[in-house]
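# Sequence and predicted structure below; questions after.
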Amino acid sequence: MGFWNRALGSIGIMSSGQASQPRASYQSAGGGTLIVTPQQIEEALRTGNVSSSGEAVTATTAMRVAAVFGCIRVRCTGPATLPIDIKRRVDERTREDASDHFAWQLMRRRPNQWMKPHQFRRMLQAQVLLKGNGYALKVPGVGGRIQALLPMDPDRVHTQQLDDLTIVHDWTRRDGRKIRLQQKDVFHLFGLTLDGVRGVTPLTYARESVGNALAMDRYQGKVLEKGARVSGTLEKKEGGLSDKAYDRLKASVEEFRAGGDREGDFLILEEGLSWKAMSLTLADMQWIESQKLSRTNIMMFYGVPPFMLGDTEKSTSWGTGIEQQKQGFLAFTAEDDLTMWEESINADIIGDGDVFARFNRAAFVRGDIKTRFAAYTAGRNGGWYSVNDIRGLEDMNPIEGGDDYDAPLNSNAAPASDKDPADDPSR
């Protein structure tokens, strides 16, 4: 706790005489919400986190659903992996890398002493998607700089707006001490909001869909465990089985149900028995459709197209194909996440009007060399990329004479002749 105490002391929110305040309840090992205020108790009693299927839906239990885990993984990829540039406005038209700014170190090198930028951004993005908010305590350094960002569990932070319209964050530490942080002390990420103060998680409104998925997974697990589903029948045209044959057959079937080395082997039928497979019943088909519907609803809540989770059954449901679905995801879902990060970094961390953060969206095509090189060709022929600009984007050293922005003479962008084609004597 030494590092935490030094960090808290550096922003003046802890003193040796500060009394410890007990928590109203403790967070369970399985996750959930820490209740520390009467308002939270009232909200928990009024809304709860149990779906109509009887399943408790929390961030931890929801991640056991494949569709939820897949949506979180996909939504976290952009903010976690895209390069983020910290730029400085030199004049109205000129920008330069602000590698000397402390935000550069926080976002591209080390947000704190134990996390890497990729881990930090992925974790806070997942907290926003699962719990509505992502928090990090800003540790101030010399000259107004921020030397570290310490993540805080959203379940231990209660954000509210006071009567004078100021925002405060009441944070309950692990030792039970409750500390009030000012807005300037916290890096706060949240997307969809209904009050402009706290974020709303999709789980709040997708509780029934996630709960149904959990219930179906639990039921299916029990069925597989007990082997209760009948896949076929054994028929005998005349007479019954002898006691000896019945006992042998029963033992053999039980052995097959248990799996093991005989799984997939032949079953020897007794005394003229024949096997008749049973097709899917209407109830079976309805069960499968219910699973598909539950998965689709969850993906809809999180704004992730089905093909990104491996479901290509309806790959043409949005646009004319998978490529259009991808572009739709980048435009309507990923862009929202990136904008949230950029605006939060600019407002809560940088604060300088001439310095700003921006993700490099072009990195989305890093894995598509054909598209990437086609964009370079268009930029070079259009005259807005130089050879060295392109080499820099590919992490290659500049070459002599590579800073020329004139379009190549053999490109389609070469200037047309001033002569009238009608004056050409060869025509």
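Great, that's in hand. Keep in mind it's a predicted model, so treat the numbers as computed, not measured.
# Point out where the protein drops to low pLDDT.
Along the chain, the parts satisfying pLDDT under 70 run over 1-54, 212, 214, 216-241, 253, 255-272, 274-293, 313-320, 409-427.
# and the nearest residue to Leu82 once chain neighbours are set aside, how far is that from Trp104?
Spatially, and ignoring its direct neighbours in sequence, Leu82 is nearest to Phe359 (4.6 Å; CB to CB, 6 or more residues apart in numbering). Placement of C-beta: from N, CA and C, glycine included. According to CB to CB, to the nearest Å, Phe359 stands 14 Å off from Trp104.
# Kindly report the same for Gln327.
Gln327 is 31 Å from Trp104, by CB to CB.
# quick one: which of these two has more around it?
Trp104 (18 against 13; other CB atoms under 10 Å).
# residue contacts, the residue nearest to Leu82?
Gly78, Pro79, Leu82, Pro83, Ile84, Asp85, Leu338, Trp341, Glu342 (CB atoms under 8 Å, 6 or more residues apart in numbering).
# want to throw those residues into CSV with neighbour count, distance to Arg109 and secondary structure?
Below are the contacts of Phe359 laid out as CSV (neighbours: other CB atoms under 10 Å; distance: CB to CB, whole Å; DSSP: H, G, I helix; E, B strand; the rest coil):
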residue, neighbour count, distance to Arg109, secondary structure
Gly78, 23, 20, helix
Pro79, 23, 17, helix
Leu82, 20, 16, coil
Pro83, 13, 13, coil
Ile84, 20, 11, strand
Asp85, 17, 14, strand
Leu338, 19, 20, helix
Trp341, 24, 17, helix
Glu342, 16, 18, helix
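# Phe120: which of these is nearest?
If you rank those by distance to Phe120 using CB to CB, Pro79 comes first, at 10.1 Å.
# dump the residue contacts of the closest one.
Listed by CB under 8 Å, 6+ apart, the contact set of Pro79 reads Arg121, Arg122, Gln125, Asp337, Leu338, Trp341, Phe359.
# Counting neighbours, what do you get for the fourth one?
Neighbouring residues of Asp337 were enumerated by other CB under 10 Å; the total is 22.
# try the second one
Neighbourhood size, Arg122 [other CB under 10 Å]: 19.
# Kindly report the same for the third one.
For Gln125, the number of neighbouring residues by other CB under 10 Å comes to 23.
# Find the pair from the contacts of Phe359 with maximum spatial separation.
Top of the distance list for those (CB to CB): Gly78 and Asp85, 14.8 Å.
# contacting residues around Ile345?
By CB under 8 Å, 6+ apart, the residues touching Ile345 are Ile84, Ala103, Met107, Phe187, Ala357.
# One more: Thr312?
Contacts for Thr312 (CB under 8 Å, 6+ apart) come out as Pro306, Ile322.
# for Val387, same thing?
Counting by CB under 8 Å, 6+ apart, Val387 makes contact with Arg380, Ile399, Gly401, Gly402, Asp403, Asp404.
# what are the ranges of the helices in this structure?
2-10, 38-47, 59-62, 66-81, 102-108, 117-131, 202-205, 207-226, 243-257, 282-302, 322-329, 335-344, 369-382, 387-393 (DSSP state H).
# what would those look like in TSV with distance to Gly176?
Formatted as TSV, the helices of the chain follow (distance: least, CB to CB, whole Å):
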stretch	distance to Gly176
helix 2-10	14
helix 38-47	16
helix 59-62	22
helix 66-81	30
helix 102-108	29
helix 117-131	21
helix 202-205	27
helix 207-226	29
helix 243-257	51
helix 282-302	34
helix 322-329	43
helix 335-344	29
helix 369-382	53
helix 387-393	51
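# of all those helices, which lies closest to Leu309?
Closest approach to Leu309 among the helices of the chain is made by helix 66-81 (4.1 Å; CB to CB).
# can you pull the buried residues of the closest one?
Buried residues in helix 66-81, counting neighbours by 16 or more other CB atoms under 10 Å, are found at 67-68, 70-80.
# any chance of these in TSV, with distance to Thr296 too?
Output for the buried residues of helix 66-81, formatted as TSV (distance: CB to CB, whole Å):
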residue	distance to Thr296
Ala67	8
Val68	13
Gly70	12
Cys71	12
Ile72	17
Arg73	18
Val74	15
Arg75	17
Cys76	21
Thr77	21
Gly78	22
Pro79	25
Ala80	26
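# Closest to Trp384 out of those residues?
Gly78 (25.1 Å).
# For the closest one, give its distance to His169.
The spacing between Gly78 and His169, counted by CB to CB, is 26 Å.
# burial count for Gly328?
15.
# looking at it, it is touching Pro305, isn't it?
Yes: the criterion here is CB atoms under 8 Å, and Gly328 meets it with Pro305 at 6.8 Å.
# Domain-wise, how is this protein divided?
By the assignment in automatic domain parsing, the chain contains the domains 1-227+281-366, 232-277, 368-419.
# Give me the contacts around stretch 123-136.
Identification of contacts with stretch 123-136 by CB under 8 Å, 6+ apart yields 59, 62-63, 71-72, 75-76, 79-80, 111, 115, 120, 149-155, 157, 159, 169, 171, 186-191, 198-204, 302, 337, 340-341.
# Show the buried residues in those.
By 16+ other CB under 10 Å, those give 59, 62-63, 71-72, 75-76, 79-80, 111, 115, 120, 149-152, 154-155, 157, 159, 169, 171, 186-191, 198-199, 201-204, 302, 337, 340-341 as buried.
# Look up the closest residue to Trp384, ignoring the ones flanking it.
The shortest distance from Trp384 to any non-neighbouring residue, by CB to CB, 6+ apart, is to Tyr405 (7.1 Å).
# how close does the closest residue in space to Trp104 that isn't next to it in sequence sit to Met107?
Spatially, and ignoring its direct neighbours in sequence, Trp104 is nearest to Ile86 (4.4 Å; CB to CB, 6+ apart). Distance, Ile86 to Met107, using CB to CB: 7 Å.
# any shared contact partners between the two?
Common neighbours of Ile86 and Met107 are listed as Ala357 (criterion: CB under 8 Å, 6+ apart).
# which among the contacts of Ile345 gets closest to Asp395?
Looking across the contacts of Ile345 and measuring by CB to CB, the closest to Asp395 is Ile84, at 16.7 Å.
# Tell me what the residue nearest to Leu82 is bridged to.
Following DSSP bridges, Phe359 is listed with bridge partners Ile84.
# Pretty sure the residue nearest to Trp384 sits against Asn388.
No: between Tyr405 and Asn388 there is no contact under CB under 8 Å: 10.1 Å.
# Looking at the two, which one has more neighbours?
Ranked by neighbour count (other CB under 10 Å), Tyr405 and Asn388 place Asn388 first, with 17 against 12.
# can you pull the contacts of that one?
So, once contact is read as CB under 8 Å, 6+ apart, Asn388 ends up touching Pro398, Ile399, Gly402, Asp403.
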